[in-house]
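> give the three-dimensional model of this entry:
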Amino acid sequence: MRALHAVATHGTVAAAASALHVTPSGVSQQLAKLEREAGQRLLEPHGRTVRLTTAGHVLAGHAADILALVEKARSDLELLREDLTGPLRVGAIPTSLHALLPPVLAALRDRHPGLAVTLREGEAEETMPLVVDGRLDVAVLESWEHRPTTVPPTTSRTTLLSDVADLVLPASHRLAHRKVVDLAEVDDIPWIAWSAGSGCHDWLVRVLRQQGVDARISCAVGSYPTQMALVAGNVGAAVVPRLGRDPVPEGVRVLATRPALNRTIHAINRAEDDERGAIRACVDALVAASARFRNPA
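Purely as a prediction, here's the structure:
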């Protein structure tokens, strides 16, 4: 079945043999045996090479499903072992790093002490290319409703949770008594954004411009607690996600916005690594840690 699947995928017996690291004659022998067991011809001559018959195409489709199940079973058995070992490299956006990664790393350490986990902070535009080229194994990233993150087709994505960002104003601001504020009304105060050049910075500028607001950025700071401290000092307004939000300092008011500012938190890994035990253990731990945040208040 592996030989048939390889021929269906790569097009020729020679290419299939190269992919399977065997000789072409070895592939041909396996296919001949499979034809005898199936009782039908699976290959037919096509010029100087061969092609799948109708029966061959049907069986090749089943072969792909069967091989995927075999790999899933192998991965499930691997997860039952306590000796998952080797490096596991994880990247995460700051809010998820603060809220999700401590329990995730603790769970991985307890269940699989042989894993050597390393963690780096980074926005999606930094970590996603590292996953694609194999320098990171798993990345946790965000996708804003008003600025979706495009995930490469070579990766697998697992949705962890949905989150909302709120408007943060100085308590003395004229709108601070409200529960909900139209962003278009916030036109008399500078804004505090994430670090210049980041996706979060560009997202805020885009959202404000869509609401007809002059995006006057007075401070660009890669820390939400610091942003809130600046708001408390009457420096400007900010938009802060609920996930992992620290206690709100004195002198700050948090208000819902119109339109709502929604984002989704995902974990991604290379699709070819879906059934690696360490990858699955990490993603499963992220899903479990995200459960308490799935209905943000």
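
> where are the low-confidence patches of this structure?
In the predicted model, the chain carries pLDDT under 70 at residues 75-83, 295-297.

> which residue ranges form the strands in it?
Assigned by DSSP state E, the strands in the chain fall at 43-46, 49-52, 86-92, 115-121, 138-144, 155-170, 180-182, 191-193, 217-220, 237-241, 252-258, 261-270.

> for those, give me CSV that also has distance to Gly199.
All C-beta spots, glycine's among them, are computed from the backbone N, C-alpha and C. Listed next are the strands of the chain as CSV, based on distance: least, Cβ to Cβ, whole Å:
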stretch, distance to Gly199
strand 43-46, 49
strand 49-52, 45
strand 86-92, 14
strand 115-121, 14
strand 138-144, 8
strand 155-170, 13
strand 180-182, 24
strand 191-193, 11
strand 217-220, 13
strand 237-241, 13
strand 252-258, 19
strand 261-270, 11
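
> export the ones you listed to JSON lines and tack on mean neighbour count?
Listed next are those as JSON lines, based on neighbours: other Cβ atoms under 10 Å:
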{"stretch": "strand 43-46", "mean neighbour count": "12"}
{"stretch": "strand 49-52", "mean neighbour count": "16"}
{"stretch": "strand 86-92", "mean neighbour count": "20"}
{"stretch": "strand 115-121", "mean neighbour count": "15"}
{"stretch": "strand 138-144", "mean neighbour count": "24"}
{"stretch": "strand 155-170", "mean neighbour count": "20"}
{"stretch": "strand 180-182", "mean neighbour count": "15"}
{"stretch": "strand 191-193", "mean neighbour count": "24"}
{"stretch": "strand 217-220", "mean neighbour count": "15"}
{"stretch": "strand 237-241", "mean neighbour count": "24"}
{"stretch": "strand 252-258", "mean neighbour count": "17"}
{"stretch": "strand 261-270", "mean neighbour count": "22"}
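
> out of the ones you listed, which comes closest to His10?
Ranking the strands of the chain by proximity to His10 (Cβ to Cβ) places strand 49-52 first, at 11.3 Å.

> list the contacts of Thr118.
Taking Cβ atoms under 8 Å, 6 or more residues apart in numbering, we find Thr118 in contact with 87-90.

> for Ala196, phi and psi?
Main-chain dihedrals, Ala196, degrees, to the nearest 10: phi -60, psi 140.

> show me what contacts the residue nearest to it when sequence neighbours are not counted?
Leaving aside its sequence neighbours, Ala196 sits nearest to Ala220 (Cβ to Cβ, 6 or more residues apart in numbering; 4.4 Å). Shown in contact with Ala220 (Cβ under 8 Å, 6+ apart): 192-196, 201.

> and the gap between Leu69 and Ala63?
Distance from Leu69 to Ala63, counting by Cβ to Cβ, to the nearest Å: 11 Å.

> just Pro148 next, same as before
36 Å.

> so between these two, which is more surrounded?
Ala63 (21 against 10; other Cβ atoms under 10 Å).

> please verify my assumption that that one contacts Arg2.
Yes - Ala63 lies in contact with Arg2 (Cβ atoms under 8 Å); the separation is 7.5 Å.
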